[in-house]
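> Quick one: sequence and predicted model below, then my questions.
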Amino acid sequence: MVILGEVHTGLLQTRSPLETDQAARLLELVPGQAVLVSERPMPFVQSPPLLTGVDCDLPAASGRSVRVIGAVTARAILTGGHVVQGSAHAEITATERTHRLPWSHYLARPGTLEAVGRTPGPEAAAAFLGGDQGGTLDLGAIAARVLDRLQQSDSFVRGSPVKAARTRLRWAAWTGDVSAPAEVEFRVEPRGLRTLRLRAGGLPLAGVAALCEDIAVHDWLLTVLIDLVRKSALGVTDRRTAVQRLVPAIDYLLHLWMPGARLTGELAAVWQALENRPGFTRQWETLVRRIRDQLSVGAVTALAAQQADAR
């Protein structure tokens, strides 16, 4: 079994983070269906599933392509009232049919694409991760459309305090030996793309999309913090200016770092592999300490200046 997905992550273009009730109204994307709202351990809002019918080929590295038909599941997520995601994924299953059934058949199986003719394996996942999506299954386009829909809403006051680009996490998971531990490979690619390969083993595949969304939001946080620290020009410009450039990170980002907080069991254990390599939290904590050191030195310097003026 193969599951493919893509998550686009960015900053909602609001002047300040949305309150939970505002976020819930924004994510009411399907009339009559409930929005998932959680306040602990941080505000988290998830839209109802959005279905997109597709009839196209899977990306193929070589050889004969595989036609897939079905309904892709997409959703929008807002974390901390400020970090927004558009996510799309689908499970690929085999079928012996060679013709398309009425769409009611596929809509009754949301998030499942039927592969016509043969069962795709890890090679299909590799092609999806590394190939050109043009003319084939493009989950990124579906995810981007969901995110754009939120950014274009007129239900909030615009004026983001942080300048941050989007990132894209393209991921693929497939089952292996259920007795073997999960294996994960994360790569930072050019132009804001990240790829994630996950051999799920005995993992509950229904939760793999939530795992990848959690990885995507923390990769985005780390990416933005790295960029803000770089632009602050620590050690180059004067300390006061550097600290002022870091204030948005302190106000809006640092408190959102909670990898795996919404995951349980084996899914949460996958995070430990990512902490070993590439080491998300180690890098995050190093940057946070650097920011706090600047604040501490700045405070001591200001106090010393006040005492000197008082003499």
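Structure's in. What do you need? Everything numeric in this text was worked out from a predicted model, so none of it was measured.
> And the helices in the chain, which stretches?
20-26, 103-107, 122-130, 139-151, 208-232, 239-252, 265-276, 280-310 (DSSP state H).
> Tell me which residues are up against the second one.
Surrounding helix 103-107, the residues in contact under the criterion Cβ atoms under 8 Å, 6 or more residues apart in numbering are Leu51, Gly53, Ile69, Gly70, Ala71, Thr112, Glu114. All C-beta atoms are positioned from the backbone trio N, CA, C, and that covers glycine.
> Does the first one touch Gly70 like I think?
Read it as Leu51. No: at 9.4 Å, Leu51 does not count as touching Gly70 under the criterion of Cβ atoms under 8 Å.
> which regions of the stretch 51-200 of the chain lie under the pLDDT threshold?
Within the stretch 51-200 of the chain, the stretches with pLDDT under 70 are 61-63, 131-134, 176-179.
> swap the cut-off to 80 and go again
Low-confidence segments of the stretch 51-200 of the chain (pLDDT under 80): 60-65, 117-122, 131-135, 175-182, 200.
> where do the strands sit along it?
Taking DSSP state E, counting those that start in this stretch, the strands of the stretch 51-200 of the chain run over residues 67-79, 83-95, 112-116, 167-174, 183-188, 193-199.
> Can you tell me which of the ones you listed is nearest to Ala310?
strand 83-95 (44.0 Å; Cβ to Cβ).
> ok, back up a step: of the helices of the chain, which is nearest Met258?
helix 208-232 (8.3 Å).
> Give me the mean pLDDT for the closest one.
In this model, helix 208-232 has a mean pLDDT of 95.
> so what secondary structure elements neighbour that helix?
Judged by 3 or more Cβ pairs under 8 Å, 6 or more residues apart in numbering; DSSP states H and E, the packing partners of helix 208-232 are strand 2-11, strand 67-79, strand 83-95, strand 167-174, strand 193-199, helix 239-252, helix 265-276, helix 280-310.
> Just name the most buried of those.
Highest mean neighbour count among the helices and strands packed on helix 208-232 (mean count of other Cβ atoms under 10 Å): strand 2-11, with a mean of 26.
> Format the CA atom coordinates belonging to that one as PDB.
The C-alpha coordinates for strand 2-11 follow below in PDB (Å, rounded to 0.1, in the frame of the first residue of the first chain):
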ATOM      1  CA  VAL A   2       1.300   3.500  -0.900                       C
ATOM      2  CA  ILE A   3       0.100   6.900   0.400                       C
ATOM      3  CA  LEU A   4       1.200  10.100  -1.300                       C
ATOM      4  CA  GLY A   5       0.700  13.600  -0.100                       C
ATOM      5  CA  GLU A   6       1.900  17.200  -0.100                       C
ATOM      6  CA  VAL A   7       1.600  19.900   2.500                       C
ATOM      7  CA  HIS A   8       2.100  23.700   1.800                       C
ATOM      8  CA  THR A   9       2.800  25.800   4.900                       C
ATOM      9  CA  GLY A  10       2.900  29.500   5.300                       C
ATOM     10  CA  LEU A  11       1.900  32.500   7.500                       C
END
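> and the residue nearest to Thr281 when sequence neighbours are not counted, how far is that from Arg282?
If the residues on either side of it in the chain are set aside, Thr281 comes closest to Glu275, at 5.6 Å by Cβ to Cβ, 6 or more residues apart in numbering. Note on Glu275: its distance to Arg282, by Cβ to Cβ, to the nearest Å, is 7 Å.
> for Ala206, same thing?
According to Cβ to Cβ, Ala206 and Arg282 sit 30 Å apart.
> Quick one: neighbours of Gly235, just the number.
8 (other Cβ atoms under 10 Å).
> now swap in the one 3 residues further on and tell me
One way to gauge burial is a neighbour count; for Asp238, by other Cβ under 10 Å, it gives 9.
> List the residues that contact Pro17.
Taking Cβ under 8 Å, 6+ apart, one finds Pro43, Gly80, Gly81, His82, Tyr252 in contact with Pro17.
> will you turn those into CSV that also has distance to Leu129?
Converted to CSV, those look like this (distance: Cβ to Cβ, whole Å):
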residue, distance to Leu129
Pro43, 32
Gly80, 29
Gly81, 32
His82, 29
Tyr252, 31
